[in-house]
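Asker: sequence and computational prediction follow.
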Amino acid sequence: MFFIDAELIRLLAFVLGVIGFVALNAAYLVWLERKEAGHIQRRIGPKEVGPFGLLQPLADALKLMTKNLITPDGVDPILFKIAPILVMVPAIMSFVTLPFSDTLVARNLDVGLLAVFAFASINVLGLLLGAWGSRNKYAVISAARVVSQNVAYEIPMLVIIVTLVMITGTLNLHEIVTLQTGGFWHWNVLKFSASPLMPVAFIIFFICMLAETNRAPFDMAEAESELVAGAFTEYPGMGFGVFFMGEYANIVVGTSLATILFLGGWDCPLGLFPGVHWFLIKMYALIFVVIWIRWTYPRTTFYGLLNLSWKILIPVAFFNLILTSAMLKVF
Amino acid sequence: MNAFAPNPTNETFVLNLGPQHPATHGVLRIKLVMDGEYVVEAEPVLGYIHRMHEKMGENRTWAQFMPNTGRMDYLHALAYNHNFACIVERAAGIEVPERAEFIRVITSELNRISSHLLWFGAFILDLGGFSPLLYAFDDREQILDLLETVTGSRLTYCYFRFGGVYNDIDENFEAGARAFVARMRERMPMYHALVTKNIILMKRLTDIGHVPAEMCRKYGATGPVARGAGIDFDVRKHEPFSIYPRFDFDIPVYHEADSMARYMVRMDEIEQSLRIIEQALGAMPEGPVMAEKVPKTLKPPKGDYYHAVETARGSFGIRAVSDGTNTPWRLKLRTPSYSNLIVFGEAARGMLLPDALALLGSLDLVIPEIDR
C-alpha cells in the first residue's frame, strides 16, 4: 500500500495553513481597518455586503481580480510584475518560523529570529523594484523614501533585538517564548531584572515596526496626498491588491514578532491555560493599536521621520544595550 | 527651517503636480522643478476650468449674473452673492431693509464657517490625517441643512437679491442657528485638543511655509494668508460694508507667517464668526426682507463701481462698469485665491515636497475661483 510520510503531510498542512492564515488575515484586516476607521470617524463602515459587511473583502477581491492587468507603456515588464510577488512571498515565508503555540510551529529553527529579519528585508527590495520598474516619478521618490526609511529603522530595531538575544541567550523563537512563560511578570516587556528600560525597548520596537511596515504615521511609501499612491501608482487591479495584501501580511508578522519577543507569545498573563488563543488575542490587540494610530495621527514628514530614528531611537536603543549588558554582567 | 543649498547637484527633474493630484483639490497644475525632494522652482499653471464668468457677465442682465457668482467660490458662495448684490445696490441706489441685512450677515457668516470647516478637514487630509475631515463634515452638514431650509440649495447658493433676500428666515432657522453656535463652541476645544495640539501637526506646520508680509503685499495676497503674516486687514473691519460695523468682533492676526499662523487665523475666525452670528440673532429686527421699489429691468446709471467683501479666502472685489443699459458693460472680478496662489511660486522655493504641499493646503485654494 502506498504510504505517505507523516512529515510530508505535516509540511503540506502547514503550507496550506500558513498561506490560508495570511490570506485570511490580509483580507479581514482590511475589513477590520475599515470598520475601525469607521467607528473612529463616527460612522459605521462597511455594512451592506453580508452581515456587518463581513463579505466586503470578498467583494473587494472580486473587483480587483476582474480588473484588467494593464502593463503601462515604458515600464520594465519583468520588474513590474515580479515586485508584488517579492513583497508577498517573504511575508508568508516569515510565518514558517513563528511559533503560534507550544506545539503549533511549522519549522522550529534555531536561527528563527534571524530568518524572520532576513525575509523582512526583502520586502523593501520588492517595493524598490516595483517603483523603479514602473517608470513613474512619484514612485521613484517613494522608493527612495522607503529605502532610507527602512535603513534608518532597521538599526534601532536590530539593536533592540540584540539586547533581547543577550537577555535570552537564544535566537530560537520557541525558546524565547518558553523563557517568558508563567505570568505577565515574566514577559520580556517587564523584565526589569535585565534592564529597567524594557518597556521603552518595546515601544521603540513597536515604532520601528510601524515604520518598517510603512504604516501611518510613517506611511511614506504611499503618502497619498503627496505622491498620489507612491510606489503603487502605476499598478492596476490585483497587482496593487497583492502589494496591499503583502503590507497587511507584514503587519501580522510585525505584531506577531512583538508578541513573541515582548509579550510572552502564547503565555497567559496569569499563567493559566496558555495556548494559541492568547497569542492571537495579543497579536490582534496590537494590530488594533496599529490601525488606531493610523486613523488618529497625521503623517510625519520624511526628515522628521529620519530625525526621530537617528536622534532619538538609535541613541536610546544603544543606551539600553549598554545598560543591559552592564546589568547582565553585574547581576 | 530647512537649510537648503539651491540645486547642489545641478540635476533636476520636472514633476507635474496635477491637474489631477490629490493635494491640489481640483484641476490645478503646478509645474515643479525638483532636485530630489527639494522644490527648486514651482510654477502654477492655470486655466483648466476657466469658464469666462467675466465675459458671461457682459452678455446677460445684471440679475441673470447672480447665479454665476455662487459658482466661482463654491465654498463661500454667499459672500460672492453679497458682493454682487451690494455693488448693484450701490450703483442703482437701492436701499436694503434692515432685516435683510441681518439675514445676509448671518447666512454669510454661517457659510464662512462651513468653508473654514471644509478647509480644516481637507488641510489635515493633505497632512495625512484622515479622521478630522469627517468630524468637520459632520459640523458642516448642520450648516448646510440650515442654509438649505432658507436658500433652497446646499452649495452654489443664489439667495440674495438686489434689495434684499429671496426668502425670510423663520423661527426654526433661528433656533437651528443658535443651536449650531452652541454646538460649535463645544466642538472647537475638541478640535484644538485633538488636532491643533497634536505634536506631529505642530512639527509639520510651525516655522514651515513662510509667506512674509512683504511677499503678501507684492502679490496682493489677502485674507487669512495676509493675516497670518501680520497684516491686519479685513474688509469687514477696514472697508466696512453691509451692517458689519454694528457687531463686536475681532480680526485674528498672527505674526509668525508660517503654515501654523494661517491655520490659527482660520480656527480663530470660526469663533469670531460665531460671535457675529450670535449678536445678529440677538438684535434681529422685524420687517420686510425685500426693498419695495426695485425696478423689474434694472438699469444702473452710467458709471464705474467697485465693491469688495471679505470671503473666507480674502478680499473679493468686483469692478463693474455700467453704460446705463440692462447689462454690465464690463465686469472685472478680483478673486482672492488667485493672488494667494501666485505666492506659492516664490514661497515654495527650496522647500521639501511634503512641506510645499502643506503650504499649498494652508493657502486654502478654491480652483474654480482662480479660473473664474
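Answerer: Looks like it came in fine. Numbering: from 1, shown residues only, chains lettered A, B, ... in the order given.
Asker: ok, residue A:192 - contacts?
Answerer: Contacts of residue A:192 were listed using C-beta atoms under 8 Å, 6 or more residues apart in numbering or on different chains, and they are residue A:198. Placement of C-beta: from N, CA and C, glycine included.
Asker: and if you look at residue A:325?
Answerer: If you count contacts by C-beta under 8 Å, 6+ apart, then residue A:325 has residue A:166 around it.
Asker: need the three-state assignment for it.
Answerer: Using DSSP: H, G, I helix; E, B strand; the rest coil, the structure places residue A:325 in helix.
Asker: I'd like to know how far it sits from residue A:331.
Answerer: Note on residue A:325: its distance to residue A:331, by C-beta to C-beta, to the nearest Å, is 11 Å.
Asker: centre of the chain versus the strand or helix carrying residue B:39, how much separation?
Answerer: Element membership for residue B:39 (DSSP states H and E) is strand B:38-45. Taking C-alpha atoms, centre = their mean, to the nearest Å, the mean C-alpha location of strand B:38-45 is offset from the chain mean by 24 Å.
Asker: give me the contacts around the next helix or strand after it.
Answerer: As assigned by DSSP H and E, the chain's next helix or strand after strand B:38-45 is helix B:53-58. Helix B:53-58 is contacted by residues B:65, B:68, B:71-72, B:327-333, B:372 when judged by C-beta under 8 Å, 6+ apart.
Asker: mind listing what residue 280 touches?
Answerer: Defaulting to chain A. Contact partners of residue A:280, counting by C-beta under 8 Å, 6+ apart, are residue A:100.
Asker: I was after chain B.
Answerer: Residue B:280 is in contact with B:102, B:105-106, B:109, B:247, counting by C-beta under 8 Å, 6+ apart.
Asker: do the same with residue B:249
Answerer: Taking C-beta under 8 Å, 6+ apart as the test, what residue B:249 contacts is B:236, B:272-273, B:275-276, B:279.
Asker: among these, find the lowest-pLDDT one for me.
Answerer: The lowest pLDDT within those belongs to residue B:236, with 87.
Asker: which strands or helices does the helix or strand residue A:246 falls within pack on?
Answerer: According to DSSP H and E, residue A:246 maps onto helix A:237-262. In terms of contacts (3 or more C-beta pairs under 8 Å, 6 or more residues apart in numbering or on different chains; DSSP states H and E), helix A:237-262 is packed against helix A:6-40, helix A:56-66, helix A:77-94, helix A:112-133, helix A:173-178, helix A:198-212, helix A:276-294.
Asker: the helix or strand containing residue A:154 near chain B anywhere?
Answerer: Using DSSP H and E, residue A:154 sits in helix A:137-168. Yes: Helix A:137-168 comes into contact with chain B (C-beta under 8 Å from any C-beta of the partner chain), by way of A:137-138, A:141, A:144-145.
Asker: which parts of that helix are buried?
Answerer: Using 16 or more other C-beta atoms under 10 Å in any protein chain shown as the test for burial, helix A:137-168 gives A:137-146, A:149-150, A:152-157, A:159-165, A:167-168.
Asker: on the three-state scheme, the closest residue to chain A within chain B is what?
Answerer: Nearest to chain A, among the residues of chain B, is residue B:128, at 2.7 Å (C-beta to the nearest C-beta). Here residue B:128 is coil, with the state taken from three-state DSSP.
Asker: now it. Nearest residue, chain neighbours left out?
Answerer: Once flanking residues are discounted, residue B:128 sits nearest to residue A:299: 2.7 Å by C-beta to C-beta, 6 or more residues apart in numbering or on different chains.
Asker: contact partners for the one you found?
Answerer: Going by C-beta under 8 Å, 6+ apart, residue A:299 touches A:216-220, A:223, A:225, B:127-129, B:200, B:354.
Asker: chain A contacts on chain B?
Answerer: Counting by C-beta under 8 Å from any C-beta, the residues of chain B close to chain A are B:2, B:13, B:15, B:21-23, B:36-37, B:124-131, B:134-135, B:138, B:198, B:200-201, B:203-204, B:352-355, B:357.
Asker: what about these, which are in helices?
Answerer: Among the residues of chain B next to chain A, the members falling in helices (DSSP state H) are B:124-126, B:131, B:134-135, B:138, B:200-201, B:203-204, B:353-355, B:357.
Asker: which one among these gets closest to residue A:269?
Answerer: Nearest to residue A:269, judged by C-beta to C-beta, of these is residue B:131 at 31.2 Å.
Asker: quick check: that closest one touching residue A:40?
Answerer: Yes: under the criterion of C-beta atoms under 8 Å, residue B:131 makes contact with residue A:40 at 5.7 Å.
Asker: between the two, what contacts are shared?
Answerer: Common neighbours of residue B:131 and residue A:40 (C-beta under 8 Å, 6+ apart) are A:295-296.
Asker: which one among the contacts of residue B:280 gets closest to residue A:11?
Answerer: Using C-beta to C-beta, the contacts of residue B:280 come closest to residue A:11 at residue B:109, 70.7 Å.
Asker: isn't that closest one right up against residue B:277?
Answerer: Yes: under the criterion of C-beta under 8 Å, residue B:109 is in contact with residue B:277, at a separation of 5.1 Å.
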